[in-house]
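# Okay, predicted coordinates and the sequence, questions at the end:
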Amino acid sequence: MDGLIARDARDSPGEAAGAPARRSPRDLLILLAGIAVAVAAAAPVVHRWLGNQPDQRLVDLEVYREGGLAVLRGAPLYDFLTQPPQLLPFTYPPIAAVLAVPFTLLPWLAAQWAWTGLIYAALVIVVCYAFRDLIRRTGRWAPLTAGVLVAAATWLDPVRDQVRFGQVGLFLLAMCLADCCARTARWPRGMLVGLALAIKLVPGVFLVYFLITGRREALGNAVLTAVVATLGGFALLPSDSSGYWFGALLEGGDRTGAVDGTTNQAIHGIVARILDEGPARTLVWLALALVAAWFGFAWARRATLAADAATGADAYSLLLAGVAIVGLLSVVLSPVGWIHHLVWMIAVIGALVGDGRDTRRCLVAFGLWLLFLFPLPWWARGLIGPDHSAATVFAGQVLRDSFGIAALVSIMVLGTWLVRRLDPDDHPRDPSQRQVGLGTLGP
């Protein structure tokens with residue numbers, strides 16, 4: 001990993017040039033244009049969900065905020081429900097409630113706006129990591145490129161749901177990408193993953209990633225950070241911490257919602273919509289999850305080790321592919337992987353696009369972007385029912401699972417097709433790829 005970071009630093013244009021160049025009025029206009037494009041794209045989404053009915057606005061933020069209020073009041077953290085009609089419980093580790101305390105100090109409307117602003121700030125960070133090479137390639141137009149990419153990401157269905165519910169998914173995504181993909185981390189590498197794990201358990205898959213790719217220092221830092229944060233929760237909230245780790249955590253679906261609902265695009269949700277509850281369904285789910293984990297982690301390791309041996313844009317695309325695979329595994333292997341958890345598709349699309357020179361990779365990325373623009377799983381529910389033919393119902397069931405299926409296919413595409421395409425030692429170079437380098441006239 002350190003070798004890859006060093007090579008990236010050498011390959012980065014302009015980083016060794018000394019003092020930064022003076023910004024011209026044209027550069028300022030380009031920056032303002034990028035901001036304007038991003039804001040114009042986000043404005044309708046913000047207006048839609050912050051202008052929603054009061055009892056439907058940022059309902060998950062209400063859960064976090066009520067958790068923070070419970071901390072301040074000394075009330076039991078896992079006994080309360082939010083106001084009707086949502087009636088949602090707190091399902092996160094106690095330290096997450098402690099971190100939510102600052103939002104209890106704001107009026108509810110101000111908290112909504114502050115949280116939404118932070119969501120979009122996290123989205124900007126995610127886009128800058130996911131499309132680093134494409135943004136950098138555009139030179140002085142980079143701010144406008146970033147603005148267009150943020151606008152495109154804003155309208156992905158999982159991202160819209162992050163704003164709709166006031167979720168933490170983009171924060172966790174930004175933390176994991178920064179920890180795994182930053183060229184030179186200004187923090188102990190692994191610390192951000194550990195903090196994300198302390199807030200929500202699903203980033204724990206990155207502990208496996210650090211282990212199998214030889215990132216032992218990052219693994220140690222992640223475990224240490226998660227343990228310290230968790231022990232901090234025990235110190236501040238001993239009763240709630242015991243109640244969570246030895247009680248609420250084990251309740252699973254009783255607190256997180258129905259596993260067979262459309263919004264659950266994990267393997268468990270797909271299986272639950274096909275088979276009735278019982279031992280057979282559990283066995284099928286565990287078997288499929290084990291297969292997905294085996295191949296997924298193997299492909300993530302393959303992509304990451306290929307990145308360690310590569311240079312330039314290909315190295316970063318391979319590294320991002322490995323990280324994106326693990327991020328998708330955190331969704332599909334979980335008992336509940338909601339649609340809004342699939343913000344990891346931004347990293348998938350970024351890994352496929354790379355620096356934008358490979359037409360076929362860009363076309364695949366564009367297809368995924370189009371797929372996740374629309375709430376296909378919800379539309380598909382209209383095709384399911386006794387009034388429809390068997391073929392229509394079957395098509396509806398497939399479309400209902402389309403996001404989960406796309407996530408599984410993306411894991412395979414990144415781990416096989418993309419690695420072969422970028423690693424000349426693994427597979428011959430495809431003629432559709434754009435060759436970049438110093439050329440000479442030949443016979």
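Cool, the structure landed.
# Just the pLDDT for the nearest residue to residue 160 once chain neighbours are set aside.
Nearest residue to residue 160, sequence neighbours excluded (Cβ to Cβ, 6 or more residues apart in numbering): residue 45, at 5.6 Å. Every C-beta, even on glycine, is put in place using the N, C-alpha and C of the backbone. Looking at residue 45, its pLDDT is 97.
# Now do the contacts for residue 45.
Listed by Cβ atoms under 8 Å, 6 or more residues apart in numbering, the contact set of residue 45 reads 154-155, 160, 163.
# Give me the buried entries from those.
Neighbour-count burial (16 or more other Cβ atoms under 10 Å) is assigned, among the contacts of residue 45, to 154-155, 160, 163.
# Could you work out the most separated pair of the residues you listed?
Put simply, by Cβ to Cβ the two of the buried ones among the contacts of residue 45 set farthest apart are 155 and 163, 10.8 Å from each other.
# can you count the residues close to residue 224?
14 (other Cβ atoms under 10 Å).
# cool, the one 3 residues further on as well?
Burial of residue 227, expressed as a neighbour count using other Cβ under 10 Å, amounts to 13.
# Residue 367 too?
Around residue 367 there are 13 residues (other Cβ under 10 Å).
# what's the helix or strand for it?
helix 359-371 (DSSP states H and E).
# Other residues contacting that helix?
152, 156, 345, 348-350, 352-354, 356, 402-403, 406, 410, 413, 418, 421, 430, 432-434.
# Can you tell me the closest non-neighbouring residue to the most centrally placed residue in the chain?
The centroid of the chain falls nearest to residue 344 when counting by Cα atoms, centre = their mean (3.0 Å). Closest residue in space to residue 344, ignoring its immediate chain neighbours: residue 327 at 3.8 Å, by Cβ to Cβ, 6+ apart.
# circling back: emit the PyMOL select command for whichever of the contacts of helix 359-371 are buried.
Typed into PyMOL, the next command selects the buried ones out of the contacts of helix 359-371 (criterion: 16+ other Cβ under 10 Å):
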select buried, resi 152+156+345+348+349+350+352+353+354+356+402+403+406+410+413+418+421
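# Could you list every helix and strand in contact with the helix or strand containing residue 217?
Take DSSP H and E as the rule and residue 217 turns out to sit in helix 216-236. When contacts are defined as 3 or more Cβ pairs under 8 Å, 6 or more residues apart in numbering; DSSP states H and E, helix 216-236 sits against helix 94-99, helix 191-199, helix 205-212, helix 238-243.
# Can you give the distance of the lengthiest helix in the chain from its chain's centre?
Ordering each helix of the chain by length in residues (DSSP state H) puts helix 279-309 first. Helix 279-309 has its C-alpha centroid displaced from the chain centroid by 18 Å (Cα atoms, centre = their mean, to the nearest Å).
# what angle sits between that helix and helix 205-212?
With axes from the mean of the first three to the mean of the last three Cα atoms, to 10 degrees as the basis, helix 279-309 and helix 205-212 are set at 50 degrees to each other.
# Next one: the nearest residue to residue 154 once chain neighbours are set aside from residue 362, what distance?
Excluding its sequence neighbours, the residue lying closest to residue 154 (Cβ to Cβ, 6+ apart) is residue 41, at 4.6 Å. According to Cβ to Cβ, to the nearest Å, residue 41 stands 20 Å off from residue 362.
# which sections of the stretch 301-443 of the chain are below the confidence cut-off?
424-443 (pLDDT under 70).
# what do you get if the cut-off is 80, keeping everything else the same?
Within the stretch 301-443 of the chain, the stretches with pLDDT under 80 are 312-313, 423-443.
# just the stretch 101-250 of the chain next, same as before
In the stretch 101-250 of the chain, residues with pLDDT under 80: 247-250.
# at 70 instead, please
Using pLDDT under 70, the stretch 101-250 of the chain drops low at 250.
# if I look at the residue nearest to residue 160, how far off is residue 352?
From residue 45 over to residue 352 (counting by Cβ to Cβ), the distance is 24 Å.
# which parts of stretch 216-229 are buried?
218-219, 221-223, 225-226, 229.
# quick one: contacts for residue 344?
173, 324, 327-328, 330-331, 407 are the contacts of residue 344 under Cβ under 8 Å, 6+ apart.
# Now do the phi/psi pair for it.
phi -60, psi -20 (degrees, to the nearest 10).
# that older thread, export the helices and strands packed on helix 216-236 as a markdown table, with columns for distance to residue 133.
Shown next, in a markdown table, are the helices and strands packed on helix 216-236 (distance: least, Cβ to Cβ, whole Å):
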| stretch | distance to residue 133 |
| --- | --- |
| helix 94-99 | 33 |
| helix 191-199 | 22 |
| helix 205-212 | 21 |
| helix 238-243 | 43 |
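# so which of those gets nearest residue 387?
Of all the helices and strands packed on helix 216-236, helix 205-212 comes closest under Cβ to Cβ, at 41.3 Å.
# tell me the angle the closest one makes with helix 191-199.
Using the same axes, to 10 degrees: helix 205-212 against helix 191-199 is 140 degrees.
# Tell me what angle helix 205-212 forms with helix 216-236.
Using the same axes, to 10 degrees: helix 205-212 against helix 216-236 is 150 degrees.
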